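Engineer: Model the following, please.
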Amino acid sequence: MSVEHASMRIIDGYARGGTDLAADEVWAMEAHLEACGLCRDRLSAAVTAAAPAVTSLVETVWADLEPQLAATASMPPRRRWLARLSLWLTPVMVPWLAMVATVTLLALVLDLVGPGSGEVSLVLLLAPVLPVLGVAASWSRGLDPVYELTASVPRAGLHLVLRRTASVLALVVPALVVGGLATGVMVAQWLLPCLAFTSTTLALGGVVGVTRAAGALVAVWAAVIVTPTLAAGRITFALRTDGLPVWGLILALGIGGLIARRGAYSVLGAHR
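Structural biologist: Numbers count the residues shown, from 1 in each chain. The predicted structure follows:
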């Protein structure tokens, strides 16, 4: 891809079905076509020359659809707003986010009124994994009823998963801030593990799928951190301020792994 327009190599390869193009080149081509009329015209000419049968089929389908589309009312403003919102949130995320908010509230209540409150904060124990659940829900093939439509759009790769991850964090982090302030837990104590878990989930998601990565990390956290902490009745090294540099390193590694594997999210099914 050049800075302004697609090269003829990519256009011709895309017209032939994209089988000889890399996945990131196909993704970039489709994203570029959204805003570039010149490249759409060049692609149309390439398809006409390379695949006349496809051109004939498209013209036949368009001849049937054009009268129906002309008679269809334009999308009302409210529907357009909902369509833009779907880039950030999906309907299936609503119950999951409600569950996360409920768990945070229950953890806060138990921290404040439960016996031995203040020794081990449940908000601190649960904060690192709560956003991971929301990310898994927003990017799960089994939980997304419109997966086929979502996966077919040009920006269905890393661009979309980062948007949905940002929306999860934007809703979950404020609730955790309130819980942390109410229980006297430093923001850095739960925020760094929270971001580290989220970035690691996305990095591993390019290899095994986001849902599997989230489930594995939550299971490891429960077995290695939550259970021993509750059994001992005191905060472990991983949750103390001494462990913050380690979480910072894990966060950096997670971001680096995500960048290195960013192309995996452009391949259908690789992120599920």
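Engineer: Every contact and neighbour count from this point should use C-alpha atoms.
Structural biologist: Noted.
Engineer: pLDDT value on Met93, please?
Structural biologist: Confidence at Met93, expressed as pLDDT, is 67.
Engineer: measure stretch 18-27 end to end?
Structural biologist: Using Cα to Cα, to the nearest Å, one end of stretch 18-27 lies 10 Å from the other.
Engineer: Give the buried residues for that stretch.
Structural biologist: Under the neighbour-count criterion of 16 or more other Cα atoms under 10 Å, stretch 18-27 has Gly18, Leu21, Ala23, Asp24, Glu25, Val26, Trp27 buried.
Engineer: Which of the helices or strands spans Val94?
Structural biologist: For Val94, the host element (DSSP states H and E) is helix 93-113.
Engineer: actually Leu38, not the one I typed
Structural biologist: Using DSSP H and E, Leu38 sits in helix 37-50.
Engineer: Just the endpoints, please. Distance across stretch 124-134?
Structural biologist: The straight-line separation of the ends of stretch 124-134 (Cα to Cα) is 17 Å.
Engineer: gap between that stretch and the chain center?
Structural biologist: With Cα atoms, centre = their mean, to the nearest Å as the basis, the distance from the averaged C-alpha position of stretch 124-134 to the chain average is 15 Å.
Engineer: Can you pull out the residues in contact with it?
Structural biologist: For stretch 124-134, contacts defined as Cα atoms under 8 Å, 6 or more residues apart in numbering pick out 93, 96-97, 100, 104, 165, 168-169, 172, 176, 180, 185, 189-191, 193-198, 201, 214, 218, 221, 225-226, 239.
Engineer: if we go to 6 Å?
Structural biologist: Residues from elsewhere that reach stretch 124-134, judged by Cα atoms under 6 Å, 6 or more residues apart in numbering: Val168, Trp190, Pro193, Cys194, Thr198, Ala214.
Engineer: Can you report how many residues neighbour the second one?
Structural biologist: Here the neighbour count serves as a burial measure; for Trp190 (other Cα atoms under 10 Å) it reads 27.
Engineer: that older thread, in helices, which of the buried residues of stretch 18-27 fall?
Structural biologist: The helices, defined by DSSP state H, take in Ala23, Asp24, Glu25, Val26, Trp27 from the buried residues of stretch 18-27.
Engineer: out of the residues you listed, which one sits closest to Arg42?
Structural biologist: Arg42 lies nearest to Val26 out of these, by Cα to Cα, at 15.7 Å.
Engineer: Can you name the element that comes right after the helix holding Val94?
Structural biologist: In the C-terminal direction, the helix or strand that comes right after helix 93-113 (DSSP H and E) is helix 122-126.
Engineer: Distance from the chain centre to that following helix, please.
Structural biologist: Offset of helix 122-126 from its chain centre (Cα atoms, centre = their mean): 23 Å.
Engineer: Check which residues of that helix are buried.
Structural biologist: Leu122, Val123, Leu124, Leu125, Leu126.
Engineer: ok, back up a step: could the buried residues of stretch 18-27 be laid out in JSON lines, adding distance to Arg262 and pLDDT?
Structural biologist: Shown next, in JSON lines, are the buried residues of stretch 18-27 (distance: Cα to Cα, whole Å; pLDDT from 0 to 100):
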{"residue": "Gly18", "distance to Arg262": "19", "pLDDT": "73"}
{"residue": "Leu21", "distance to Arg262": "16", "pLDDT": "81"}
{"residue": "Ala23", "distance to Arg262": "11", "pLDDT": "73"}
{"residue": "Asp24", "distance to Arg262": "9", "pLDDT": "72"}
{"residue": "Glu25", "distance to Arg262": "13", "pLDDT": "79"}
{"residue": "Val26", "distance to Arg262": "14", "pLDDT": "80"}
{"residue": "Trp27", "distance to Arg262": "12", "pLDDT": "75"}
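Engineer: Many thanks, have a good one.
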